[in-house]
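In: no sequence on this one, just coordinates:
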């Protein structure tokens, strides 16, 4: 596939591999995983990178930064490793809805003489416009330093003209760093939760909910995880670093008893709401806290059925899993262990610990969650 050209490529830095043939990108990501895991002799085991048929317009969420630069409003993205804004009118990694959102935002700023944020002077009203679109619904959050500004109703009405089904929030952010959101969200119009469905799981997202940016690849990953765990009504699954709990619900809806552990309170609240929405209260136990603290407090006897089989799924952050978590997993002696990683280096470190415990690496599957960037997701299946 011949890659599309972007007029911002040399200044933005958001998609550093856009000038590399896509098939070559997939091979390079496979090789990146092979190199990271070289000590395990896995070259024949690392599968080809699962990519996309059309590796563009895949991002379901956008953060538009708005800044005052010499008296002019700039709307776009931060340059890589910089506070400078790349003023854009569209992006190849987002569908046409982002171009439409940028146009509405620019019109709003001009029409109502809204002051963009000036970081150097720490003044101005509008900092960011953040949006996520799933299906025919869109959730838009305007990040501002005050609620006292004109044109709010006009902005929402323009969104409705273009997108029809709109959720509109304000986030009040007076921080002086580059954090997009502060704690205070104010719902102004439309529905309160962005709704979607994946692998039979219904979910609802708040403005600050975590959800993978690439829906197509996420669904492929979750389907593969489900297949590798070989779930049936005898399965007990420990879901570590579980986020808002979509994987837990996939497991539970297919008959497993699930214990999920997540350290972010907002994510656990989302998970509890999704458990009710999917009527899975009887076979998911969500726990709030750090995995290394809670993993040895689980009473598995309460979960065991006759012939129950325990497996583990873990999806840690880029820093990987704590050694104490891996130790507890070893003590649990799971039937299957599936590890999803966004960082090949920390994955290699953790696999060294697990293989020293006697786990055997069965399969390694890279996924291209972020086409045209250097990032790769890797799914590893282990057993004893």
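Out: Received it, and whenever you're ready, just let me know what you need. Bear in mind the structure is a predicted one, so any value in this text is a computation, not a measurement. Numbers count the residues shown, from 1 in each chain.
In: Check which residues of the least confident helix or strand in the chain by mean pLDDT are buried.
Out: Within the chain, confidence by mean pLDDT, DSSP states H and E is lowest for helix 9-12 among all helices and strands, at a mean of 81. Within helix 9-12, the residues that qualify as buried are 9, 12, counting by 16 or more other Cβ atoms under 10 Å. The C-beta positions use only the backbone N, C-alpha and C, and glycine is treated the same way.
In: Quick one: residues in contact with it.
Out: 6, 15, 18-19, 77, 79-80, 86, 88 (Cβ atoms under 8 Å, 6 or more residues apart in numbering).
In: Got a ChimeraX select line for the buried ones in those?
Out: One line in ChimeraX is enough to select the buried ones among the contacts of helix 9-12; burial here means 16+ other Cβ under 10 Å:
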select :6,15,18,77,86,88
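In: which intervals of the stretch 251-384 of the chain have sub-threshold pLDDT?
Out: Counting by pLDDT under 70, the ranges of the stretch 251-384 of the chain that qualify are 300-306.
In: Quick one: the strands in it, in order.
Out: 257-262, 284-288, 309-314, 337-341, 360-367, 377-383 (DSSP state E, counting those that start in this stretch).
In: so which of those comes closest to residue 124?
Out: The closest approach between residue 124 and any of the strands of the stretch 251-384 of the chain, judged by Cβ to Cβ, belongs to strand 257-262 at 35.5 Å.
In: In contact with residue 155, which residues are there?
Out: Here residue 155 is in contact with 104, 108, 142, 168 (Cβ under 8 Å, 6+ apart).
In: And for residue 30?
Out: 46-49, 366.
In: Give me the phi and psi for the closest residue to it other than its chain neighbours.
Out: Once flanking residues are discounted, residue 30 sits nearest to residue 49: 4.7 Å by Cβ to Cβ, 6 or more residues apart in numbering. Per-residue torsions, residue 49: phi -70, psi 130 (degrees, to the nearest 10).
In: so who does residue 49 touch?
Out: Contacts of residue 49 by Cβ under 8 Å, 6+ apart are 26-27, 29-30, 366-368, 376.
In: now with 6 Å?
Out: Residue 49 makes contacts with 26, 29-30, 366, 368, as judged by Cβ atoms under 6 Å, 6 or more residues apart in numbering.
In: Also residue 195?
Out: residue 204.
In: That one and residue 138: what is the separation?
Out: 11 Å (Cβ to Cβ, to the nearest Å).
In: roughly how far apart are the most centrally placed residue in the chain and residue 170?
Out: Geometric centre of the chain, nearest residue: residue 212, 2.8 Å, by Cα atoms, centre = their mean. Residue 212 is 25 Å from residue 170, where distance means Cβ to Cβ.
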